[in-house]
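Engineer: A predicted structure for the sequence below; I have some questions about it.
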Amino acid sequence: MSTLNHPAHHLLADLDGFRVEIDESRQRADIVLARPPFNIIAMPQRDQLRLVFEALDENDAVRVIVLRAEGEHFSSGGDIKGFLAASPEHVSQLAWNIAAPARCGKPVIAANRGYCFGVGFEISLACDFRIVTDTTRYALPEQKLGQIPGSGGSARLQKMVGITRTKDVVMRSRRIPGKQAYDWGIATECVPDAELEAATDRLVEELIGFSPLAQRTAKKLLNDTEDSTLSIAIELEGHCYSRLRSSDDFREGVEAFHGKRAPVFKGS
């Protein structure tokens, strides 16, 4: 495994409830929740997850990041007692930490099986792709605790499925099966549970085949224009297109197309 480097690297010395696997030969990094059976996400773990995403974003050997978990459940959510012990200042940072997959310039895939509740759902919503199975259950159950989602869950969900469905999920603490999540546009793909790993592998291999420069550009453009007007989105798209026009990867893509061969992208 490669060494993780970050300005706050001392916080990464002892990862709390998860591990990181880096396979440079496959240009892939896996962040694996490892506190079975329910993979509860503790308060310190949220800070570490953010730092790990930032470290992997700077690692040139990694092209794609996969967020997955040990066992039959992705995560049943956060450490409930931890919320009462945390200061208001710390709690106010929860959404920033859990948004780390969205800020990361590289594609991030969430492989979700079993329970995917609370912060487990929220960090998955911050990823670019979500692969679910027939066992997956998404939920934001905070109403049962006299609370609301605090790490971006209701806001991200509303952007995806609209206010009516979001109220149904949040205000009733409803559990959404994997197939329904796919039908609603929350999940990218729904597969039989036994095929989750294979489906994740296929998506990683597909994403690695594209230009890393074009991938980063597309992700940032889509994230930045989610709340913009159509005219502004089109204007920004044009600027991004023109910048890529002068890239080595674009030239390689055009030459490979005309040469009827697979492109070899360098990310420049």
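Structural biologist: Good, I have the coordinates.
Engineer: list the contacts of the closest residue to residue 96 other than its chain neighbours.
Structural biologist: Spatial nearest neighbour of residue 96, chain neighbours left out: residue 50 (7.4 Å); criterion: CB to CB, 6 or more residues apart in numbering. Using the backbone N, CA and C atoms, a C-beta is placed for each residue, glycine as well. Going by CB atoms under 8 Å, 6 or more residues apart in numbering, residue 50 touches 96, 97, 98, 100.
Engineer: next one: residue 50 from residue 101, what distance?
Structural biologist: In this view, residue 50 and residue 101 are 9 Å apart by CB to CB, to the nearest Å.
Engineer: before we move on, back to that, which of the contacts of residue 50 has the most neighbours?
Structural biologist: Among the contacts of residue 50, the one with the most neighbours (other CB atoms under 10 Å) is residue 98, at 26 neighbours.
Engineer: so that one sits against residue 155, correct?
Structural biologist: No - contact criterion CB atoms under 8 Å: residue 98 and residue 155 do not qualify, at 11.3 Å.
Engineer: how far away is residue 105 from residue 169?
Structural biologist: 30 Å.
Engineer: who's more crowded, these two?
Structural biologist: residue 169 (25 against 14).
Engineer: looks like that one contacts residue 160 (just checking).
Structural biologist: No - using CB under 8 Å, residue 169 makes no contact with residue 160, being 10.7 Å away.
Engineer: ok so, going back, list the buried ones in the strand or helix carrying the residue nearest to residue 96?
Structural biologist: Per DSSP states H and E: residue 50 is located in helix 43-57. Using 16 or more other CB atoms under 10 Å as the test for burial, helix 43-57 gives 43, 45-57.
Engineer: by contact count, what packs against the very next helix or strand once past that helix?
Structural biologist: Following helix 43-57 in sequence order, the next helix or strand is strand 64-69 (DSSP H and E). Judged by 3 or more CB pairs under 8 Å, 6 or more residues apart in numbering; DSSP states H and E, the packing partners of strand 64-69 are strand 28-33, strand 108-112, helix 196-208.
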